[in-house]
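S.K.: below: sequence and its predicted model.
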2 protein chains.
Amino acid sequence: MSTSPKIHATKVIAKTRIFCVEEMELEFSNGTHRTYERLKAGVQGAVMIIPVDKNNNLLLIREYAAGTERYELAFPKGLIEKGETPKEAANRELKEEVGMGAKTLTTLKPMTLAPGYLSHKMYLILARDLYGEKLIGDEPEEIEVVPWPLANKKALLARDDFTEARSIAALYMVSELLDPGRQSGT
Amino acid sequence: MSTSPKIHATKVIAKTRIFCVEEMELEFSNGTHRTYERLKAGVQGAVMIIPVDKNNNLLLIREYAAGTERYELAFPKGLIEKGETPKEAANRELKEEVGMGAKTLTTLKPMTLAPGYLSHKMYLILARDLYGEKLIGDEPEEIEVVPWPLANKKALLARDDFTEARSIAALYMVSELLDPGRQSGT
């Protein structure tokens, strides 16, 4: 395995309300010098929550996505706030976006988004033993909650508005965990 | 389902060699106004390639990831260049990063990365009937190719350096397609 390149310098070259672009001067172990750019994310990271109700329905949300300019189906997610653990952040986001709290929260595999140029880390958290509790978030319009039977995984994967890599990965992981007998079924 | 918000204005507020940040003035169907930011990606989109050799090994690459500052295992990927189809781009990237061409290329589900703030589109392309052919890419150091038996999916998922959501989603999809009997096996 290669030795990591030396980072000779980093500097912020653009900063907006949401994004921070950093330039890095790298020297690879073979002597090659390169200038890379990456997006810096918040230190705390983010959570994606997979809420599963007592009837084995996944609770998806349908939300406007500015990047693709259309409504997308996905699992709820959000940034971890200062002082929160990933599980606390997951439960807060669940209450804000779905109107539910969870008595049982389980951390699954951590994921990255595009490690080549994004520093973002994401914790994947399974939420079960749900109960109604609504917190007011900062959403511009009410989020539609879409219950989806876990057993209908294939139909969800076939949808044109379920495309987010993190949600697809999460769906397979939770299906393997909770519904292993049906992995090759419908 | 909600009606998409009206986009009253968009403007580029930061531009670097790699990244372009756009600000959008949105009006949601309930009358709420919001200013969003998103990253604009190239028009052509990107490809992720899942190369599978004749012994049902996946060909992964190990590459330095500037976002997370460590070497990551992932499927090869790259941007589609002007005039290329997604399959042509996939075959070129495969030759550059893995040193193989593919006689059979199959398009799987298109994915998005973070549709809320990235416009990036990614085509997932299965590459089979491989043969040796090396093209020189722009990599700063030789990329290590790591063959991984498809049947050992679980061991790959358990690795700390296999975290990219797109690669995890791709692994499950290709496993379902080529190795359905082992979905709940090792």
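M.R.: Looks like it came in fine. Numbering: from 1, shown residues only, chains lettered A, B, ... in the order given.

S.K.: going forward, measure contacts and count neighbours with C-alpha atoms only.
M.R.: Will do.

S.K.: secondary structure class of the residue of chain A most remote from its centre, three-state.
M.R.: Largest separation from the mean C-alpha position in chain A: A:G31, at 36.2 Å (C-alpha atoms, centre = their mean). Secondary structure, DSSP: H, G, I helix; E, B strand; the rest coil: A:G31 is coil.

S.K.: how far does stretch A:102-117 sit from its chain's centre?
M.R.: 6 Å (C-alpha atoms, centre = their mean, to the nearest Å).

S.K.: helices or strands up against the top strand by length along chain A?
M.R.: Counting residues, the longest strand found in chain A (DSSP state E) is strand A:121-132. Applying 3 or more C-alpha pairs under 8 Å, 6 or more residues apart in numbering or on different chains; DSSP states H and E, one finds that strand A:121-132 contacts strand A:46-51, helix A:86-97, strand A:100-107, strand A:111-112.

S.K.: low-confidence ranges in chain A?
M.R.: A:1, A:181-186 (pLDDT under 70).

S.K.: where do the domain boundaries of it fall?
M.R.: A:6-39, A:46-179 (automatic domain parsing).

S.K.: most tightly packed of these?
M.R.: Mean neighbour count, computed with mean count of other C-alpha atoms under 10 Å in any protein chain shown, is highest for domain A:46-179 among the domains of chain A, reaching a mean of 19.

S.K.: find the nearest non-adjacent residue to the residue positioned nearest the centre of chain A, please.
M.R.: Centroid-nearest residue in chain A: A:M48, 3.8 Å away (criterion: C-alpha atoms, centre = their mean). Residue nearest to A:M48 in three dimensions, not counting chain neighbours: A:K77, with 4.2 Å by C-alpha to C-alpha, 6 or more residues apart in numbering or on different chains.

S.K.: ok, back up a step: output the contacting helices and strands for whatever helix or strand comes next after the longest strand of chain A.
M.R.: Next helix or strand after strand A:121-132 toward the C-terminus (DSSP states H and E): strand A:144-149. With contacts defined as 3+ C-alpha pairs under 8 Å, 6+ apart, the packing partners of strand A:144-149 are strand A:57-65.

S.K.: the next helix or strand along the chain from the strand it packs on pairs with which strands, and in what direction?
M.R.: Once strand A:57-65 ends, the next helix or strand along the chain (criterion: DSSP H and E) is strand A:70-74. Neighbouring strands of strand A:70-74 in its sheet, by DSSP bridges, are strand A:57-65 (antiparallel).

S.K.: about what we covered before: my guess is the residue nearest to the centre of chain A contacts A:A90, does it?
M.R.: Yes: the pair A:M48 / A:A90 is scored as a contact, 7.1 Å apart, by C-alpha atoms under 8 Å.

S.K.: anything in contact with each of those two?
M.R.: Common contact partners of A:M48 and A:A90 (C-alpha atoms under 8 Å, 6 or more residues apart in numbering or on different chains): A:K77, A:G78, A:I125.

S.K.: in which helix or strand does the second one reside?
M.R.: Put plainly, it is A:G78. Using DSSP H and E, A:G78 maps to strand A:77-79.

S.K.: what residues are up against A:K15?
M.R.: A:K15 touches A:V21, B:A14, counting by C-alpha under 8 Å, 6+ apart.

S.K.: hmm, back to that, in its sheet, which strands sit next to the longest strand of chain A, and in what direction?
M.R.: Here, using DSSP bridges, strand A:121-132 pairs with strand A:46-51 (parallel), strand A:100-107 (antiparallel), strand A:111-112 (antiparallel).

S.K.: got the angle for the first one vs helix A:86-97?
M.R.: Put plainly, it is strand A:46-51. Put simply, strand A:46-51 runs at 70 degrees to helix A:86-97, going by axes from the mean of the first three to the mean of the last three C-alpha atoms, to 10 degrees.

S.K.: what lies in contact with strand A:46-51?
M.R.: A:58-60, A:75-80, A:86, A:89-90, A:94, A:120-128, A:130, A:170, A:174.

S.K.: the shortest one now?
M.R.: Residues from elsewhere that reach strand A:111-112 (C-alpha under 8 Å, 6+ apart): A:S119, A:H120, A:K121, A:M122, A:Y123, A:L124, A:R166, B:T163, B:E164, B:A165.

S.K.: columns distance to A:T16 on top of these, output as TSV?
M.R.: Below are the contacts of strand A:111-112 laid out as TSV (distance: C-alpha to C-alpha, whole Å):
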residue	distance to A:T16
A:S119	17
A:H120	17
A:K121	20
A:M122	22
A:Y123	25
A:L124	27
A:R166	25
B:T163	28
B:E164	26
B:A165	26
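
S.K.: which helix in chain A runs the most residues?
M.R.: helix A:165-178 (DSSP state H).

S.K.: coming back round to it: closest to B:A14 out of the domains of chain A?
M.R.: B:A14 lies closest, by C-alpha to C-alpha, to one member of the domains of chain A: domain A:6-39, at 6.4 Å.

S.K.: chain center to that closest one: distance?
M.R.: Domain A:6-39 sits 24 Å away from the centroid of its parent chain (C-alpha atoms, centre = their mean).

S.K.: again with stretch A:109-125
M.R.: On C-alpha atoms, centre = their mean, the centre of stretch A:109-125 falls 8 Å from that of its chain.

S.K.: endpoints of it, how far apart?
M.R.: 8 Å (C-alpha to C-alpha, to the nearest Å).

S.K.: what sits against the closest residue to A:N30 other than its chain neighbours?
M.R.: The shortest distance from A:N30 to any residue other than its chain neighbours is 6.9 Å, reached at B:E141 (C-alpha to C-alpha, 6+ apart). By C-alpha under 8 Å, 6+ apart, the contact list for B:E141 reads A:F28, A:N30, A:T32.
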